[in-house]
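Give me coordinates for this.
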Amino acid sequence: MKKKSAYRLALAAAVTAGLGFAFLPQAQAAPTVEPYETSDVVVEADGVDKYLVTTNTITAEEIKDRGYRDLSEILSQVPGLYMAPADKNSKMVRIRGAEVGQTKVFIDGVPAFPLNGIASNAAADLSTIPADRIAKVEIVKGPGPVRYGTDYKGGVILVTTKDGEGAGRLHLHIGGGSHHAYDMRIGYSGSDRNVSYAVNVSRRHTNGYQPNEENTKTYFDGKIKVKTAEKSTLTLSGYYSNMDAEIANNIDPVTGAVLNNGTNWSVAAGNGITRPMKQNNKTRDWHYDGFKQSNIALQFESRPSDKWQYDVQYYHLVDDNNLWVRNLLTREGGSLTHFTAGAPQWYRSGWFSKGNGIETNASAALGAKHQLGFGAKYIKIDWHTDENNTGYSERGADKRQAFYVEDAWSFDARTRMTLGLRYESVAQDHASSSETKQESKEHATDPVLNITHDLTKDDTVRFSAGRTHFFVQAKSAATNIRQGIPIPKPERNRNYEIGWKHRFGSQASLDLSIFRTDVTDRITRIVRGGPYYNVDRTRIHGLELGYRQTFSSRWHGFANYTWMKAEDITGGNTTGATGLPKQMFNLGATYRMGKWRSTLLGRAVSGWTNGSGRPNSKGYLTMDLDLRYRPQTDLECFLRVNNIFNTDYQDKLYHDAQGANVMLGVEMDF
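As a prediction, the model looks like this:
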């Protein structure tokens, strides 16, 4: 009944707004909209600092046109990317089949999620990052420039936030909608001759679509950029997020009943709690209380001459969270007959980490067509855990160093090549409340090659090959150290890509990419709760096809298609990768008419599997509509209707996605 009511409300709002839009009198054509760019060959940075990469780029204009609210929505319609609800219902992205914790995210050059590669990254949530302060997002897939690291499997996401421009202005965004949701943002930005500044605060809330899904997110970011000399700048930037989030209970798709989780780590035996009770313990109503992430960074960039430039950045990172789960008594379907201090009704597990990093990059022109880049990085993160039912705790440190060199040539006006080499090392230590500190070390060296060639003025081909790695996570290493088992070697990933782009004049383009990733020494557990081993391999291959066109000054659109096959090979047995659709199709169209703008976005996803080879979730098609009216330059009203056809589907096993829902609001500048 709840879903039907929401559907009627959403459909009525969409139809009413759409009819009003259709019968408005024709107005003068709006300015030409920048075309959609996909998988372009981009020269990274300016001047002598050139890195040829293949990337998808989403601009600030496209973000605004399509009504995206946060980074997760921006990434959801990029070819090769699957916005996967992680184990704790956070929104993380899988790039070309990689796991959610194997993608690197940078905000203004600073790593966004300090837990990435340290502990399970499933709770890091891309939806906490608001869209309206983003200047552009670049997604590097496959072998990328080594300056961003080679310690990933899927790719790298580069987020650039907006600088303040012109006289100081206050921006206000207020929206409200289905499931008692609200979205409030306020920002102030501007610049003068030598200084630009921007500061923003946002707060979002929803009661959720499923039981136990209430979510509140608070986000703050700021940036001050000072021009210290003609070709030098000093930038102070940072962000802070705080999230209180319930994790939706699993729902039986047939009966609609809440399914309990089997969780033995939230109970300690003793005081009448037997070992079988512990092993068969059931939980539900998980939630995060005070999930906080922050960073602050100081960056200096300088170009002393046309042949030489460098940058240095220092950053401080913090990541804290408390996970609560409710243990169940026998009358609720659990195994406990009573609660004790070691088996409380509410169990809490805390993770607390902080760290510091420093990086430096430089490049020099060795000739008119030859540039050399090099750099180094050092980062150390200290972490500790605790729990409320025992005195047990763990602590450790993760220290990483890296050095790279990258050479770029332009053989002629049509052919360019970049060759990079990066060395990375990791040192991890671990101790518990009952153990002394133990250490482990590993390293990896990875080469990357990128070549592009212009066949004609309208056709460009590219080839990329390279190797990346993924070190064992610190908490996984701690498990092995505790049990006296050797630490697993790094995962080794060999990545290949060929691509072709054709331009149909200045108004349209077509892009094709074919890729393959071979993973060896994949790190996994053989026994649940046991140590980690290098026993598996993974094969991933697929293709991406993207098209964009500007039809007129009023109308432009895009479409892209992804086909991907990922297989895990364990003990000679081959199974499909878990939770990953084989096919995805995205489309979008934006139409302007005078003071009105309308955008329709669609997404079709094939069924995905839990590894058995047969789909466990049916495919689906959803459509979203974003309508905007700007009566004056400093005022805009918007209506967003998501899932306008009320499509019934699961975005992960035992979790129904949200039906039709509405967000109505206004944006103002002062």
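
looking at this structure, which helix or strand is least sure?
Ranked by mean pLDDT, DSSP states H and E, the helix or strand of the chain with the weakest confidence is strand 37-43, at a mean of 34.

All the helices of the stretch 201-350 of the chain, residue numbers only.
Along the stretch 201-350 of the chain, the segments classed as helices by DSSP state H, counting those that start in this stretch run 275-279.

those strands in it, which residues are they?
Residue ranges of the strands in the stretch 201-350 of the chain, as given by DSSP state E, counting those that start in this stretch, are 215-229, 232-246, 250-251, 258-259, 261-262, 282-305, 308-327, 346-367.

Which one of these has the poorest average confidence?
For the strands of the stretch 201-350 of the chain, mean pLDDT drops lowest on strand 250-251, to a mean of 84.

Pull up the pairing partners for it, direction included.
Partner strands and pairing direction for strand 250-251 (DSSP bridges) are strand 258-259 (antiparallel).

got the contact list for the residue nearest to residue 570 when sequence neighbours are not counted?
Excluding the flanking residues, the one nearest residue 570 by C-beta to C-beta, 6 or more residues apart in numbering is residue 536, at 4.9 Å. For glycine as for every other residue, the C-beta is placed from the backbone atoms N, C-alpha and C. Neighbour list for residue 536: 522, 523, 524, 568, 569, 570 [criterion: C-beta atoms under 8 Å, 6 or more residues apart in numbering].

Could you look up the next helix or strand downstream of the host helix or strand of the fourth one?
Meaning residue 568. Here residue 568 sits within strand 555-570, counting by DSSP states H and E. Remark: after strand 555-570, the chain's next helix or strand is strand 573-576, criterion DSSP H and E.

Now do the next helix or strand after that following strand and strand 555-570, the angle between them.
Using DSSP H and E, the next helix or strand after strand 573-576 towards the C-terminus is strand 583-593. Strand 583-593 and strand 555-570 are oriented at 160 degrees to each other (axes from the mean of the first three to the mean of the last three C-alpha atoms, to 10 degrees).

just checking, what packs against strand 583-593?
Here strand 583-593 touches helix 60-66, strand 555-570, strand 596-605, going by 3 or more C-beta pairs under 8 Å, 6 or more residues apart in numbering; DSSP states H and E.

buried sites along it?
For strand 583-593, the neighbour count (16 or more other C-beta atoms under 10 Å) marks 584, 585, 586, 587, 588, 589, 590, 591, 592, 593 as buried.

now these in JSON lines, with pLDDT and distance to residue 669?
Formatted as JSON lines, those follow (pLDDT from 0 to 100; distance: C-beta to C-beta, whole Å):
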{"residue": "584", "pLDDT": "92", "distance to residue 669": "36"}
{"residue": "585", "pLDDT": "94", "distance to residue 669": "36"}
{"residue": "586", "pLDDT": "93", "distance to residue 669": "31"}
{"residue": "587", "pLDDT": "94", "distance to residue 669": "31"}
{"residue": "588", "pLDDT": "94", "distance to residue 669": "26"}
{"residue": "589", "pLDDT": "94", "distance to residue 669": "27"}
{"residue": "590", "pLDDT": "95", "distance to residue 669": "21"}
{"residue": "591", "pLDDT": "95", "distance to residue 669": "24"}
{"residue": "592", "pLDDT": "93", "distance to residue 669": "19"}
{"residue": "593", "pLDDT": "94", "distance to residue 669": "22"}
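
ok, the contacts of residue 536 vs residue 66, which is closest?
Ranked by distance to residue 66 (C-beta to C-beta), the contacts of residue 536 are led by residue 568 at 34.7 Å.

what number of residues lie near that closest one?
By the criterion of other C-beta atoms under 10 Å, residue 568 has 19 neighbours.

now it, which residues is it bridged with?
Beta bridges link residue 568 to residue 538, residue 575 when assigned by DSSP bridges.

same check, this time on residue 400
For residue 400, the beta-bridge partners under DSSP bridges are residue 379, residue 426.

do the same with the one 4 residues further on
In this entry, residue 404 is beta-bridged to residue 375, residue 422, by DSSP bridges.

which stretches of the stretch 401-550 of the chain form helices?
Counting by DSSP H, counting those that start in this stretch, the helices of the stretch 401-550 of the chain are 474-483.

Taking strand 596-605 as reference, get the angle to the strand holding residue 568.
20 degrees.

Tell me the buried residues in strand 555-570?
Going by neighbour count (16+ other C-beta under 10 Å), the buried part of strand 555-570 is 556-564, 566-569.

Doesn't residue 179 belong to a helix?
Yes: the assignment for residue 179 by DSSP: H, G, I helix; E, B strand; the rest coil puts it in a helix.
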